[in-house]
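Undergrad: Okay, here's the prediction I keep looking at, along with the sequence it came from:
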Amino acid sequence: MARRPETTRALLLQSARREFVDHGLAGARVDRIAARAGVNKQRIYAHFGDKEQLFRHVLDEAVVELAAEVALTEDTDPVAYVGRVFDYHRHHPDLLRLLMWEALQHGDAGIDDDRRRVDHYDAKVTSLRGALGGDRDPADVRALLLTLIGLASWPQVLPQLGRLVLGPEASTEQTQAHLRAFLTEFTRAALQDGPDRTDRPAVPPSHEA
């Protein structure tokens, strides 16, 4: 019995995720993706166009999974958000690995044209500003969101650096729990103190929203 198109598509996305996470965009091979999914590689081109577009679909899917698991709304406590993002990336490393491969391959080239992801993070900025009371400078909120994401994800981005700094017990439950608690308390203290705008350079109007 022939597979339904949606089944083939799902199998290809699952196989492609493993290939891209392990080998990146440049190192991924459509032959391996097709073989793992149990289909002819022509199905990749029929469903997704080319390897680059397949990577985009895989990355989009991973972003949607994070958003569904760790929502950021106007009712979200930013401190709790940092803890939940930390937990998510620790237990679901695929998205960070895909983002690192994308950065190695493309840097930030073309990202402004990815309206789905631009809109996704614009919505996060709006939600965070609402969670903070709605009176924060928009440029500050954008900087804060980037900082919160960095705090929560950086320990998982470079685990070797974590081991160098935290020691050989860096990946243990006890050390990770301590690090999580430190990062959330650091966030709480930073938000309570508020920003110091003394001598801060102005942000170009095009980056304020």
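TA: Perfect, I can see it now.
Undergrad: gap between Glu102 and Ile111?
TA: 9 Å (Cβ to Cβ, to the nearest Å). In this view, the C-beta of every residue, glycine as well, is placed from N, C-alpha and C.
Undergrad: Run through the residues that contact Gly83.
TA: Taking Cβ atoms under 8 Å, 6 or more residues apart in numbering, we find Gly83 in contact with Ala152, Arg180, Leu183, Thr184.
Undergrad: Which parts of the protein are helices?
TA: Applying DSSP state H to the chain gives helices spanning 5-27, 30-37, 42-48, 51-69, 78-91, 94-106, 115-131, 138-157, 159-166, 173-193.
Undergrad: Next, format those helices as CSV and append mean pLDDT.
TA: Formatted as CSV, those follow (pLDDT from 0 to 100):
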stretch, mean pLDDT
helix 5-27, 95
helix 30-37, 95
helix 42-48, 92
helix 51-69, 95
helix 78-91, 97
helix 94-106, 96
helix 115-131, 94
helix 138-157, 96
helix 159-166, 96
helix 173-193, 96
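Undergrad: sorry, back to before: most neighbours out of the contacts of Gly83, which is it?
TA: Within the contacts of Gly83, Ala152 tops the neighbour count with 24 neighbours, counted by other Cβ atoms under 10 Å.
Undergrad: check contacts around the residue lying closest to it once chain neighbours are set aside.
TA: Counting by Cβ to Cβ, 6 or more residues apart in numbering, Val85 is the residue found nearest to Ala152 once chain neighbours are left out, at 3.6 Å. Neighbouring residues of Val85 by Cβ under 8 Å, 6+ apart: Leu66, Val70, Leu148, Ile149, Ala152, Ser153.
Undergrad: And these, which two are furthest apart?
TA: Leu66 and Leu148 (13.6 Å; Cβ to Cβ).
Undergrad: which one of Glu102 and Ile111 has more residues nearby?
TA: Neighbour totals were compared for Glu102 and Ile111, and Glu102 leads with 18 against 12 (other Cβ under 10 Å).
Undergrad: nearest residue to that one other than its sequence neighbours?
TA: Glu102's closest residue in space is Leu59 (Cβ to Cβ, 6+ apart), at 6.7 Å.
Undergrad: Against Arg117, how distant is the one you found?
TA: Distance, Leu59 to Arg117, by Cβ to Cβ: 8 Å.
Undergrad: Compare neighbour counts for these two and give me the winner.
TA: Taking neighbours as other Cβ under 10 Å, Leu59 and Arg117 compare with Leu59 leading, 21 against 15.
Undergrad: Surely that one is in contact with Leu98, unless I've mixed up the numbering?
TA: Yes. Leu59 is in contact with Leu98 according to Cβ atoms under 8 Å; the separation is 5.1 Å.
Undergrad: How many residues are close by Asp114?
TA: Using other Cβ under 10 Å, Asp114 has 13 neighbouring residues.
Undergrad: With Gly134 instead?
TA: Neighbour count of Gly134, defined by other Cβ under 10 Å: 10.
Undergrad: try Ala35
TA: Ala35 - counted by other Cβ under 10 Å - has 13 other residues nearby.
Undergrad: now do Leu158
TA: Leu158 has 13 neighbouring residues, counting by other Cβ under 10 Å.
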